[in-house]
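Q: Sequence first, then the predicted structure, then my questions.
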Amino acid sequence: MPTYEYMCLGCGKKFRVRMTITEHDGHKAKCPKCGRRKLQQRVEGFFAITAKKS
Ligand SMILES: [Zn+2]
């Protein structure tokens, strides 16, 4: 099960959620602190940004 990292746009809390891709696609994640669903997904570590040294 993949882990998704989010930052809450309501209170600024950063947190991780383990959930299935189906749950993720259904936008089931919400902030554990304030309960809002206004989240920004953090992509680091998931989509590896490959900085190629040329
Ligand atoms: Zn929040």
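A: Now that the structure is in, tell me what you want to look at.

Q: CA only for contacts and neighbour counts going forward, please
A: Will do.

Q: From the ion, how far out is residue 3?
A: Distance, residue 3 to the ion, by Cα to the ion, to the nearest Å: 18 Å.

Q: Give me the pLDDT value at that residue.
A: Residue 3 carries a pLDDT value of 89.

Q: so it makes contact with residue 23?
A: No - checked against Cα atoms under 8 Å, the pair residue 3 and residue 23 is beyond contact range at 11.6 Å.

Q: who's more crowded, these two?
A: When residue 3 and residue 23 are compared on other Cα atoms under 10 Å, the one with more neighbours turns out to be residue 3, at 14 against 11.

Q: for the more buried one, what are its contacts?
A: Taking Cα atoms under 8 Å, 6 or more residues apart in numbering as the criterion, residue 3 is in contact with 16-19.

Q: List just the nearest of these to residue 41.
A: Closest to residue 41 out of the contacts of residue 3 is residue 16 (9.7 Å), distances taken as Cα to Cα.
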